[in-house]
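Enquirer: With the sequence up front, the predicted model follows.
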Amino acid sequence: MEHTCVLDNGISVGASVSLSQLKEFLEGVIEQHPEHQTRTYAALIEMLSWFAGPQIRNVAAVGGNIATGSPISDLNPLFMANRCVLTVGSVKGFRTITMNEDFFTGYRKTILSHDEVLVKIFVPFTTECDFVCGFKQSPRKEDDIAIVNAGMKVQFVENTNLVHDITLVFGGMAPTTTMAVKTMAILKGKNWDDNLLEEATKSLHSELALSPGVPGGMEVYRQSLTFSFFFKFYLKVLNKLNHSNNNDANSNMQEVPCGQPETDAVGRPIPLKSATQQTTGEAKYVDDLPKTEGELYVAFVFSEKAHAKIISMDFSKALALDGVIDVVSHEDVPGSNLTTPFQDEELFAVDEVFWVGQILALVVAENQSLAQRAAKLVKVDYEDLDNILTIKDAIHKESFLKQPLEISIGDTDEGFNQSDIMIEGECHVGAQEHFYMETMASIIIPKGEDCEMEIISSTQNITETQFSVAMALGIPKNRIVCRTKRLGGGFGGKESRSCIFSTAAAVAAYKVCKPVRYMLDRDEDMISTGTRHPFLGQYKVGFTNEGKLLALDLRLYSSCGSSLDLSVPVNVTPSMILTDECTQPLFFNRVLERALFHCDNVYKVPNLRVCGYLCKTNLPSCTAFRGFGAPQSMFIAEAWITAVANACGLPQEQVRELNFYKKGDSTHFHQTLHDWNLDRCWQSCLDKSSYAMRRKQVTEYNRKNRWKKRGLAITPTKFGISFTTKFLNQAGALVHIYTDGSVLVTHGGIEMGQGLHTKIIQVASRALGIPKERVHISETSTDKVPNTSPTAASTGSDLNGMAVQNACHTLLQRLEKYKAENPKGNWTDWVKAAYMDRTSLSATGFYKTPDITGYDWTGTDKTSKETRPFDYFCYGSAVSEVEIDCLTGDHQVLRADIVMDVGDSLNPAVDIGQVEGAFAQGYGLFVLEDYRYSPSGHLLTKGPGFYKIPSFGDIPKQLNVFLLDRSPNVRAVCSSKAVGEPPLFLAASVFFAIRDAISSARADAGLTGDFRLDSPACAERIRLACEDEFVKMVTLLLNFVSVINLSLLKKSCYKIRNHDFILKLLRDSEHVPELF
C-alpha cells in the first residue's frame, strides 16, 4: 500500500503513500515523460502546492483523502475528472472501482463496503488530445480549505477542436463532490468556441443552482465560481488549441553618524536580545515554566448563550470525576466580583450572561486534560433573551453605551452651502482577532502567609493585573507581585483582557490554597478574549469641483461588545484619585477617542463635525488592538477621500495631496502640527516606487486584459503618539551596577517580541558609555518598578527608555568623582572605587511626558482651546500594486513600497521588522481576516482552520521598506520615534489598489461611478464587486428563487434550458429589480 510505480498506461500509487511522497513521485514522472502524457500529474502537483502545509502533507495519505469523502477535498475532483481507478480489497478478494458520478453516495460516504480497504489508485496518462486543469478558491491561498474547487478534463477528436469527451467535477457545491453530468452531456460533440461557452454557462447555471440560505452561505459567490472556473478552463484550453502562450495573468536602513563610538549601540541594527533562544526553542514562556509543588490546573466554564438568564448551574458530574479538586464561582470571590477598567463586567457571571464565552465558573483539577473534561460536564440551564450582534442592530434598537462623543470645528452647514459637490456614503471595517502565538496564560502561587501571592502572567499590564487580583481578593496591592519575562505576542489583546483570567485563577488559588496555572487553548481564547472594534462610518462630504475639501459630517459607530473595556474615554483627575472618589483601575486607553482624533487622517477639513457612538452588542468586549481605533477611522477617511476624487473625475493622488495639512496647521482637535514630515514621506514614496511610470503600465495592462486587472494606490498616514489619558504618560526604572561592572536594568515595559528590551539595552549602553554586552534585562515585575503603565500605545521605548536614561545619568553623576580621580582607569575600576567608598550603585529613574494636556470631553468650549493629547506624530506613505483575478476574486500583492518616519532609529533592523510586521497585520485587517458569528452569537471563524491570518504567500512579491532619513525627533529618547502601531494603516494601500483594479473590471462591464467595498476585501467581495455577467446571472436566479415558490422551482429548475425564458419570468415579476 506504500508502493509507487509507472505502468504502460499510467501510474499506480498505494493508498498509504503520503501526499508529500506523491508530489515527489509525480515530479519524477513528469521529468521522465513527454508533457502531453503528464498533464493530470501537473494539475495534481499544482493542487498539492495549496493543500495544507508540509507537516500535514508529510503524514496525510492519498487513500485517506479519497475515503474520507470530504465534499471540499482538493484532490477528489481531479481524480474523478480523470476517472481514476481504485483497487479495494476485503476478505472476499479484490475489485476495481472507477471514480465517477456514482462513487460518492452521500456526505462523507462512498460506495466502498464497510469491510473493504482502499489498496491503490491508478491515474492514467493523458494524450495529446487531453487537457486537464484543477481549480481551488479559498479565503486564503495557502494552507486553507476550499470554498469551491474543481477538476476539469476535455478530450478532443484528433486534429480538431471538437469535444470527444469532457468531465467537469466540482467540490463545495453539494454534500458530495459533484460531477456535472448534464452539462457534460450537452458539451460532447460541440466545437470549443463561444457557443459552447454560452451553453456550458447556461447549463451549469441550472445544474449547480444553490438556494438562498444553503449551508455554507456565500451562494452568489459560490455559484459564480463554477462559471468562473469553467471560463478559465475554456480560455486555457483555447490558448493551447491556438498554440498561444499569452498569460493574462516581479531596505533601506539609516546609518549611524560618522565618529559614533563602537561601544554606542544606539542606531545599530542589533538582533533582538533573545533572538537565539526564541529560534532554538530555548526561550521560556509562562507554560514552559516547571510545575511548582502541589500545582493544580484550572479550566474555564464558558457561557454557551449570547444573552440569557442563568437558571441553574450543576457541578455534580464535574466534581464526581476522580482528580477534580473543586469548582469556583462568584460565591467564592472574597472581594469584588466586578472587573475590567470600568468595573462593568462580572468576573464570574451571577444571574445573566451577555456573550458566548463569558466566564461562569472554574474547575480545579490535577491536570489540564482532566480539568477541561470536567468543565464540559458542568450543566447550565438558561432562559434565552434577545441578543444584538451587529452595529446595524444596535443602531436600530438604540443600544449604546455612554453618551456619544463629538468634536466639531468651523461651521459644517455653511461649508456644505459653499460646496460645488456633496456626496454621502458609508463603509464598514470588520473585527480582527489578535491571534498571538501564546494564548492567555498565568501561574498563580500563594505564598502561604500574609495573603501574599505571586503571579507569573502573559500580560501587557502587570499593574492592572496586580490591581484586579487585589480587588477580587480584598487585599492590599503590596501583597501581590506580578511578573512577566516575555510574551508570545500581545498586539493589545493582553492589555486589559488578560487581567480577567489571571484574577479568576487567583480566586481559585486563594480558595484551594495551592498554586494553579492555566493556558487557554486557541478556541477558548478566540471565543472569550475580544477583538479589534468593528466600525461603521457614515459620511457626508462637501468639496469644490477641483476636489478641495470644505465640509465633513461624520458618524462613527463602534461595536464595543458587552462592556466598555477600553472603548471610551473617562476623565479622572488627581483629586479623584487622592480622595478615593475613583474606584476604577487607572489603566485604559480610549479606542473611540483615538478614532475621533484620527478621522481626518492627513487631510485638513475647515468645517468638520464628527460624532462617535459606542454600540453595545452581545459579543465579547472588544479591546485594544494595534492602532486602538485609529486604523478604522483612517480607513473610513480614505474611503471618503476616494469617493471625492471619483466624483471629481480626478486622480486619487492629486486630490489627496491637494488636501494635506501643512506645517503649523491645527487639527480638528486643536493640536498644532509643529513637526510635519508627511510631505517628505509622500514624495519619497512616489519617487522610490516609480509611481507615475507604473500608473501608466497598470493602465496599459488593464487595457489589454479583461479577466485579470491590476491596481495601484498610495496611502498616507499620520499617527499620534502617547496615551491620551494624561497620567499614563509616565514610567519608572531601576538600574543596578554590580562590582564586576555588569549592569542589571529593570523597567516598566513588557517585552512581547517588539524588541523593547533590546532597545532599552542600547539606550543604557549609550547613557553609561559601556558595551551593550555588559547590560542585562531579566523581567518586568511590580516589586521592582511599581505603578507601571501598560505597554501599549506605541509608548514602550519612549517612556521606559527615558526613565532608564534618567537612572543611568544619576549613576554616572555618582561615578564622576571616581573617573576624575582615576582618568586612566576603566569602567570596572570606577565601579569598584565607588563601592569601596560606600557610594550607592543603584538608582531609580522616572520620566513623565512634558506638555501633554489630554482632551477635555466635558468642557463646554472645544472650539478655541488649544490641546495637546499627543506628544508627537509619526508619518508614512505606502504604494501598493496588486493583480486580481476577476473570475475568482483571488489577488496577489505584486509590490509594496513603504517610507516610514521613525525619527533617528534606535535599531533599524528592529524598526524595519516592525514596519513589515505591522504592514502584514494591517493587510490581514483590510483584506483577509473575515470574522463571522452565527445568529445565535457563536463564533463561526474559530481556530486556525476557519480564521485565516496572512501567510507567506500573502506577502508582497517585492516589499521595499525605507526609513526616512534626517528626521530627528527632539521629543523622544535618542531622537527616535515610535514604530509599533503607525505603519499598520499603510496596508490600506493594498485595499485601495484592489479597489482600483475592481474599478477597471467594472468599467469593462459598462459600470461607472463609485461603488461600495467594505473591509476586509476578501475574495468573495472582490469577485462580486466586479459584477460581470456571471454574477448577474446568479443574482437573477436567486431573485427568481425568492419570488417563485421554492418547491416549484426545485421541480422545474433543471428543466429550464432557455436563459431568455428565465429573464422573461424575472422581468414579468414586479418584485424583482431590472438587473439586465
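Expert: Thanks, I have it.

Enquirer: Is residue 128 in a helix, a strand, or coil?
Expert: Three-state call for residue 128 (DSSP: H, G, I helix; E, B strand; the rest coil): coil.

Enquirer: I figured residue 21 was touching residue 4, is that so?
Expert: Yes - counting by CB atoms under 8 Å, residue 21 touches residue 4, with 7.1 Å between them. Quick note: C-beta positions are derived from backbone N, CA and C, even for glycine.

Enquirer: Over to residue 950. Which of the three states is it?
Expert: coil.

Enquirer: Look at the nearest residue to residue 837 once chain neighbours are set aside and say how many residues are nearby.
Expert: For residue 837, ignoring the flanking residues on the chain, the nearest one in space by CB to CB, 6 or more residues apart in numbering is residue 818 at 7.3 Å. If you count neighbours by other CB atoms under 10 Å, residue 818 ends up with 19.

Enquirer: Name all residues that make contact with residue 274.
Expert: Neighbour list for residue 274: 283, 486, 751, 757 [criterion: CB atoms under 8 Å, 6 or more residues apart in numbering].

Enquirer: If we use 7 Å, what do you get?
Expert: Listed by CB atoms under 7 Å, 6 or more residues apart in numbering, the contact partners of residue 274 are 283, 486.

Enquirer: how close does it get to residue 460?
Expert: Residue 274 sits 17 Å away from residue 460, taking CB to CB, to the nearest Å as the criterion.

Enquirer: Just confirm the residue nearest to residue 837 is within a strand.
Expert: No - note on residue 818: no strand contains this position according to three-state DSSP, which reports helix.

Enquirer: For this protein, name the helix or strand with the lowest mean pLDDT.
Expert: Every helix and strand of the chain was ranked by mean pLDDT, DSSP states H and E. The lowest is helix 574-578, at a mean of 37.

Enquirer: what helices or strands is the helix or strand just after that helix leaning on?
Expert: Following helix 574-578 in sequence order, the next helix or strand is helix 591-597 (DSSP states H and E). In terms of contacts (3 or more CB pairs under 7 Å, 6 or more residues apart in numbering; DSSP states H and E), helix 591-597 is packed against strand 405-409, strand 549-561, strand 607-616, helix 630-648.

Enquirer: can I get these in TSV with distance to residue 43?
Expert: Below are those laid out as TSV (distance: least, CB to CB, whole Å):
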stretch	distance to residue 43
strand 405-409	56
strand 549-561	44
strand 607-616	48
helix 630-648	39
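
Enquirer: Just put these in JSON lines and tack on mean pLDDT and mean neighbour count.
Expert: Formatted as JSON lines, the helices and strands packed on helix 591-597 follow (pLDDT from 0 to 100; neighbours: other CB atoms under 10 Å):
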{"stretch": "strand 405-409", "mean pLDDT": "95", "mean neighbour count": "18"}
{"stretch": "strand 549-561", "mean pLDDT": "98", "mean neighbour count": "25"}
{"stretch": "strand 607-616", "mean pLDDT": "97", "mean neighbour count": "23"}
{"stretch": "helix 630-648", "mean pLDDT": "98", "mean neighbour count": "25"}
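
Enquirer: So which of these is nearest residue 522?
Expert: strand 549-561 (19.7 Å; CB to CB).

Enquirer: which stretches of the stretch 351-500 of the chain have low pLDDT?
Expert: For the stretch 351-500 of the chain, no stretch is flagged by pLDDT under 70.

Enquirer: Walking through it, point out its strands one by one.
Expert: Here the stretch 351-500 of the chain has its strands, by DSSP state E, counting those that start in this stretch, at 352-353, 359-365, 379-384, 405-409, 421-429, 441-446, 453-457, 480-484.

Enquirer: Equivalent analysis for the stretch 1-150 of the chain, please.
Expert: Under DSSP E, counting those that start in this stretch, the stretch 1-150 of the chain gives strands at 4-6, 10-14, 85-90, 93-98, 104-106, 109-110, 117-124, 130-137, 148-156.

Enquirer: Pairing partners for the longest one, with directions?
Expert: By that I understand strand 148-156. Strand 148-156 has the following strand partners under DSSP bridges: strand 130-137 (antiparallel), strand 163-171 (antiparallel).

Enquirer: deepest of the ones you listed, which one?
Expert: Counting by mean count of other CB atoms under 10 Å, strand 130-137 has the highest mean neighbour count of these, with a mean of 24.

Enquirer: Residues touching that strand, excluding its own?
Expert: 39-40, 43, 46-47, 50, 74, 77-78, 81-82, 126, 146-155, 225, 229, 232-233, 236-237, 240, 888, 890, 1019.

Enquirer: Which ones among the residues you listed lie within helices?
Expert: The helices, defined by DSSP state H, take in 39-40, 43, 46-47, 77-78, 81, 225, 229, 232-233, 236-237, 240, 1019 from those.

Enquirer: Let's check: the centremost residue of the chain is which one?
Expert: The residue lying closest to the centre of the chain (CA atoms, centre = their mean) is residue 924, at 4.2 Å.

Enquirer: State the distance from it to residue 931.
Expert: Counting by CB to CB - residue 924 and residue 931 are separated by 11 Å.

Enquirer: ok, residue 23 - contacts?
Expert: Counting by CB under 7 Å, 6+ apart, residue 23 has contacts 45, 48.

Enquirer: count of residues packed around residue 4?
Expert: 18.

Enquirer: Now it: closest residue in space, sequence neighbours ignored.
Expert: Using CB to CB, 6+ apart, the closest residue to residue 4 is residue 25 (4.5 Å).

Enquirer: residues near the one you found, how many?
Expert: For residue 25, the count of nearby residues is 17 (other CB under 10 Å).

Enquirer: In this structure it contacts residue 5, no?
Expert: No - assessed by CB atoms under 7 Å, residue 25 is found out of contact with residue 5, at 9.2 Å.

Enquirer: is residue 153 in a bridge, and if so with what?
Expert: Here residue 153, judged by DSSP bridges, has bridge partners residue 132, residue 167.

Enquirer: wait, residue 722 sits on residue 728?
Expert: No - Residue 722 lies out of contact with residue 728 (CB under 7 Å); the separation is 8.5 Å.

Enquirer: Quick check: the residue lying farthest from the centre of the chain vs residue 830, distance?
Expert: Distance from the centre of the chain peaks at residue 821, with 58.3 Å (CA atoms, centre = their mean). Using CB to CB, residue 821 is found at 9 Å from residue 830.

Enquirer: Check the offset of stretch 785-792 from the chain's centre.
Expert: 26 Å (CA atoms, centre = their mean, to the nearest Å).

Enquirer: before we move on, what about stretch 833-848?
Expert: On the basis of CA atoms, centre = their mean, stretch 833-848 sits 45 Å off its chain's mean C-alpha point.

Enquirer: I would like the residues contacting it, please.
Expert: With contact meaning CB under 7 Å, 6+ apart, stretch 833-848 is reached by 729-737, 739, 799, 802-804, 806-807, 810-811, 814-815, 818, 822, 831.
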